[in-house]
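**Q** Please work out how this folds:
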Amino acid sequence: MAVSPLVIRLLHVLAVGGLLGGTAVIWLAFRVDDGISVPLLSWFEGVFWGVVGAIVFTGLGNLAAFGVPGPDTTHGMVLTIKLGCLLFVVAGSVIRTFAVVQLSRGGVSSVTAPRLRWIYVATGWSIVALVLIAGVLTRV
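**A** Numbers count the residues shown, from 1 in each chain. The predicted structure follows:
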């Protein structure tokens with residue numbers, strides 16, 4: 001039984017929305033509270049990577065369903081920029097995940113680290129950039 005391209009696209013959009021919302025909630029927790037729970041950050045990192053995996057696979061499903069544009073086309077150029085931004089988000093997220101793992105291994109229960117907060121901010125804004133590029137990609 002084949003899965004409808006509409007279902008794949010819906011899962012892709014919902015996963016991106018959840019990823020952006022989760023990152024925004026963590027950033028707000030850093031802003032509002034004096035310290036954020038390291039176990040909460042660890043839990044979010046696990047969910048984050050699961051959702052990123054779902055986004056990658058549904059994105060590949062979308063490419064398979066709608067065709068891969070050539071690199072010399074406008075559509076292909078925008079897709080290349082989007083994939084480059086995705087690589088940036090993933091690379092930054094690996095750094096963030098390593099920081100959370102180090103905090104967790106160090107036995108820290110609560111953290112107020114401004115650098116970690118800014119990494120979550122960068123992740124959120126990078127995801128916003130990806131969403132905007134995706135909007136351009138669907139209209140080209």
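**Q** where does Arg70 land in three-state SS?
**A** Quick fix: residue 70 reads Gly, not Arg. With DSSP: H, G, I helix; E, B strand; the rest coil as the basis, Gly70 sits in coil.
**Q** Contact partners for it?
**A** By Cβ atoms under 8 Å, 6 or more residues apart in numbering, the contact list for Gly70 reads Gly76. Bear in mind the C-beta positions are built from the backbone N, C-alpha and C, glycine included.
**Q** so Val78 makes contact with Val136?
**A** Yes - counting by Cβ atoms under 8 Å, Val78 does reach Val136; the two are 5.7 Å apart.
**Q** Compare those two (neighbour count), which wins?
**A** Using other Cβ atoms under 10 Å, the more surrounded residue of Val78 and Val136 is Val78, with 18 against 13.
**Q** out of everything not next to it in sequence, what's closest to the more buried one?
**A** Once flanking residues are discounted, Val78 sits nearest to Leu137: 4.8 Å by Cβ to Cβ, 6 or more residues apart in numbering.
**Q** Kindly tell me how buried that neighbour is, as a neighbour count.
**A** Per other Cβ under 10 Å, the neighbour tally for Leu137 reads 17.
**Q** Also Arg105?
**A** Other residues close to Arg105 by other Cβ under 10 Å number 9.
**Q** so where do the strands sit in the chain?
**A** Ranges of strands within the chain are 36-37, 110-111, based on DSSP state E.
**Q** closest to Leu6 out of these?
**A** With Cβ to Cβ, the closest approach to Leu6 among the strands of the chain belongs to strand 36-37: 37.6 Å.
**Q** Contacts for the closest one, please.
**A** Strand 36-37 is contacted from outside by 26, 29-30, 109-112, using Cβ under 8 Å, 6+ apart.
**Q** Kindly recompute the last result at 10 Å.
**A** The contact list for strand 36-37 (Cβ atoms under 10 Å, 6 or more residues apart in numbering) reads 26-27, 29-30, 43-44, 108-113, 116-117, 120.
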